[in-house]
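Q: predicted model and sequence below, questions to follow.
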Amino acid sequence: MSLHETNSTGQGQTPGAEGRTPISGVRVLLITSRSSVQKRLVKLLGKRADVVSVSKTVLDARKRLSKGLHDLVLIDSGIGGGAGRELAQEMSVSSPGSVSAMIADQADLDEAMLAMRAGATDLIALSVSDDEMLSRIEAAGERATRQREREARVARLRRLCHQLNSARKEVSGHVGELCNDLVEAYRELSDQFEDVSVSAELSSLLRQELDVESLLRTLLEYSLAKVGSTNAAVFLPASSGEFSLGAYVNYDCPKDSAEVMMDHLANVMAPRFEHQEQVLAMSGSSDLERYLGEDAHWLGESSALVVACREDDECLAVLTFFRDKRTPFGENDLKLMSIIAELFGEQLSRVIHVHHRHLPKDQWGGFDTDMDDDEYEDGFGDIDLAA
């Protein structure tokens, strides 16, 4: 129960205590079952402490201490046998922000040793004068104040450490995300530089060719150097609206039937994909059958890339790469073929313009040439991959 509670004002001092510093802000709990000890200490403390509470049993004191509302605990060493000292020992572990002091009839060596082992900061004998009693209690109160301030600083530092740790984790997360973004941006930029480099290289090669034969040869030589060993075919639209085989590379097809197969693909494959603006990748018989139907058997178990080379919404060629599906085409091959299709379509348009510039534009269509079969084979036949 609380016998006295007030703010420290410096008034109500006991005689002989003038000029002594009040126990300002200290909340005192007195644990004693003796009314004489209670009356004396309550009278001495008066208005010096902010709160003075009294517990007559150790059990009641534990309940009060569990609420953490007291800074200085004065324990009558005779209460409950040795229960008071046990309570002081518990406080040193469970309530490090509180200070305990023992009160005894006589302050002999044995009692002092017991108090020290219990974790009490002082042993005050009831036989001392009121002034000395008050002085000792005030000293304990000052220690309680410093302990409370220290605990408050520790709690504040813990909060700051927690906040800093949270901030560190957040910043680390942002840094990690930024690093990932930078890596991704670098990868994208590197890919863009590579695409630009490939585009510039191929464009410089194709723009030098102003006839169809040289243009096709340069295209296939460059493509094979980048894509690797593969069958390749370029199908060109004829003035009749159909497609013909413009040039091809035979990598692993039977030589005696390669040209026949390529000519057949010109009739069945090229018309299916003349509107295919994006590179289409096919792998295996099921994929090929979905796009080629019953003509898929011509390619067997192959991986294939096909795209239309267009300019001004007109299909100028259909480009096809295919090879055994055990060596499939990768993402870089798809990007490369997209670049090849765009640049080849542009240059093919220029070649058409050069060769047909004396005719009206509506009469430009087709790639009919005056070459006979032998010239056609010599110009666009099997390319020696070893060379």
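A: Happy to help now that I have it.
Q: can you list the domains in the chain?
A: Split into domains by automatic domain parsing, the chain comes to 2-160, 207-380.
Q: contacting residues around Ala112?
A: Applying Cβ atoms under 8 Å, 6 or more residues apart in numbering to Ala112 gives the contacts Leu123. Placement of C-beta: from N, CA and C, glycine included.
Q: tell me the predicted confidence for it.
A: Here, the pLDDT recorded for Ala112 equals 85.
Q: which element is it on?
A: helix 109-117 (DSSP states H and E).
Q: adding distance to Glu188, write the domains of the chain out as JSON lines.
A: Output for those, formatted as JSON lines (distance: least, Cβ to Cβ, whole Å):
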{"stretch": "domain 2-160", "distance to Glu188": "41"}
{"stretch": "domain 207-380", "distance to Glu188": "12"}
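Q: can you say which of those is nearest to Ala167?
A: Ala167 lies closest, by Cβ to Cβ, to one member of the domains of the chain: domain 2-160, at 10.1 Å.
Q: show me where the stretch 1-150 of the chain has helices.
A: 35-45, 58-66, 83-94, 109-117, 130-206 (DSSP state H, counting those that start in this stretch).
Q: could you pull up phi and psi at Ser283?
A: phi -140, psi 120 (degrees, to the nearest 10).
Q: mind listing what the closest residue to it other than its chain neighbours touches?
A: Nearest residue to Ser283, sequence neighbours excluded (Cβ to Cβ, 6 or more residues apart in numbering): Ser303, at 4.4 Å. Contacts of Ser303 were listed using Cβ under 8 Å, 6+ apart, and they are Ala281, Met282, Ser283, Gly284, Phe322, Arg323, Asp324, Lys325, Thr327, Pro328, Phe329.
Q: in the sheet, who's paired with Ser303?
A: Per DSSP bridges, the residues bridged to Ser303 are Ser283, Arg323.
Q: correct me if wrong: His70 contacts Ala49.
A: No. With contacts counted by Cβ atoms under 8 Å, His70 stays clear of Ala49, the gap being 10.1 Å.
Q: which neighbours do those two share?
A: With Cβ under 8 Å, 6+ apart as the test, His70 and Ala49 both reach Arg27, Val28.
Q: neighbour-wise, which one of the contacts of Ser303 leads?
A: Phe322 (25 neighbours; other Cβ atoms under 10 Å).
Q: who touches that residue in this structure?
A: Counting by Cβ under 8 Å, 6+ apart, Phe322 has contacts Thr230, Asn231, Leu299, Ser302, Ser303, Ala304, Leu305.
Q: Glu86 versus the third one, what's the distance?
A: Distance, Leu299 to Glu86, using Cβ to Cβ, to the nearest Å: 92 Å.
Q: tell me which of those two has more neighbours.
A: Higher neighbour count among Leu299 and Glu86: Leu299, with 25 against 14, using other Cβ under 10 Å.
Q: right, and the more buried one touches Tyr291 too?
A: No. Using Cβ under 8 Å, Leu299 makes no contact with Tyr291, being 10.2 Å away.
Q: which of the three states applies to the nearest residue to Asp312 once chain neighbours are set aside?
A: Leaving aside its chain neighbours, Asp312 sits nearest to Ser349 (7.2 Å; criterion: Cβ to Cβ, 6+ apart). Under DSSP: H, G, I helix; E, B strand; the rest coil, the three-state class of Ser349 is helix.
Q: and Ser349, how far is that from Leu206?
A: Where Leu206 is concerned, Ser349 sits at a distance of 11 Å (Cβ to Cβ).
Q: these two: which is more packed in?
A: More neighbours surround Leu206 than the other of Ser349 and Leu206, with 21 against 17 (other Cβ under 10 Å).
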